[in-house]
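Enquirer: Here is a sequence with its predicted model. Questions after.
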Amino acid sequence: MAEQNEQVEALPLIQKRKLLGFVIPAINLPFFVYNAYNLVTQYMSGTPMNTEDFYSSVFLTVATLVLALFLPQWIPVYESKYALETTGLKISRLLTRSVHLPYTEIARAEVYIREEGEIPKDAIDYTKDTAEKLRKTGFGFVDFTNSESNIVLLMSGRKIYMVSPAKPRAFLKSLKKRVPKLTARIVELNEKGKTIQDLN
């Protein structure tokens, strides 16, 4: 029997990213409108198109539009949402194409849970070293997190999708129901260091 669709509660977007989500378009869109207006004015007034001023106006117009619309696609400044659907995990975010990650393509999951308090440096270094090793072996990271408190790495092919469910253990349990052969690791970071649990 197929599992029912299930919305996954995500961690709220952290304040720093939320602020950037407002600042990026608030700064760049007015500049785009201003530069586009100047560009049209120059064209209508008969300004030669092969001048340095015209090329500068074109560059600034394109640059401000790219920053306003495409920068949020590269940096997770808007809230990501997750849903466990019949055939795969759906990941969506404003201004970014939704991802449908088939369960058959999820090979492994690694869960990183950061508790409150000061985390020892060696525990933090462990997570950084793990990520760096994965990058060096050819994995590309796709960031759909809202926060760094809980991060789940989902390995699919040569890509690693990063999500931040509010209840990572419950998310992993639901995921394993849909992917029975899924292997997973849970790493908890706390004031005492780290604890690691492997699930087969």
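Expert: Received the coordinates, thanks. Numbering: from 1, shown residues only.
Enquirer: got a list of what residue 155 touches?
Expert: Contacts of residue 155 were listed using Cβ atoms under 8 Å, 6 or more residues apart in numbering, and they are 106, 107, 108, 109, 110, 139. To be clear about C-beta, it is placed using only N, CA and C from the backbone, and glycine gets the same treatment.
Enquirer: in this protein, which spans are strands?
Expert: Secondary structure of the chain (DSSP state E): strands at 6-8, 80-84, 88-93, 96-102, 108-114, 140-144, 150-156, 159-163, 183-190, 193-199.
Enquirer: And the fourth one, what's buried?
Expert: It refers to strand 96-102. Using 16 or more other Cβ atoms under 10 Å as the test for burial, strand 96-102 gives 96, 99, 101.
Enquirer: Tabulate those (a markdown table), appending distance to residue 152.
Expert: Formatted as a markdown table, the buried residues of strand 96-102 follow (distance: Cβ to Cβ, whole Å):
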| residue | distance to residue 152 |
| --- | --- |
| 96 | 18 |
| 99 | 14 |
| 101 | 12 |
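Enquirer: Could you list every helix and strand in contact with the longest helix anywhere in the chain?
Expert: Using DSSP state H to define each element, the chain has its longest helix at helix 15-44. In terms of contacts (3 or more Cβ pairs under 8 Å, 6 or more residues apart in numbering; DSSP states H and E), helix 15-44 is packed against helix 52-69, helix 71-74.
Enquirer: Not counting residues beside it along the chain, what's closest to residue 183?
Expert: Leaving aside its sequence neighbours, residue 183 sits nearest to residue 108 (Cβ to Cβ, 6 or more residues apart in numbering; 5.1 Å).
Enquirer: which ones are touching residue 184?
Expert: So residue 184 contacts 108, 109, 110, 111, 172, 176, 198, 199 (Cβ under 8 Å, 6+ apart).
Enquirer: again, only using 7 Å
Expert: Applying Cβ atoms under 7 Å, 6 or more residues apart in numbering, we find residue 184 in contact with 108, 109, 110, 111, 172, 199.
Enquirer: Any idea what it is bridged to?
Expert: residue 109, residue 199 (DSSP bridges).
Enquirer: Check what pLDDT it gets.
Expert: pLDDT for residue 184: 95.
Enquirer: For residue 81, see how far away it is.
Expert: Distance, residue 184 to residue 81, by Cβ to Cβ, to the nearest Å: 22 Å.
Enquirer: Look up how far residue 87 lies from the nearest residue to residue 84 once chain neighbours are set aside.
Expert: Nearest non-adjacent residue to residue 84, counting by Cβ to Cβ, 6+ apart: residue 6, 4.3 Å away. Residue 6 sits 13 Å away from residue 87, taking Cβ to Cβ as the criterion.
Enquirer: Next: residue 200.
Expert: Following Cβ to Cβ, the distance that separates residue 200 from residue 87 is 24 Å.
Enquirer: which one of the two has more residues nearby?
Expert: With neighbours defined as other Cβ atoms under 10 Å, residue 200 and residue 87 compare such that residue 87 has more, 13 against 6.
Enquirer: what sits against that one?
Expert: 102, 103.
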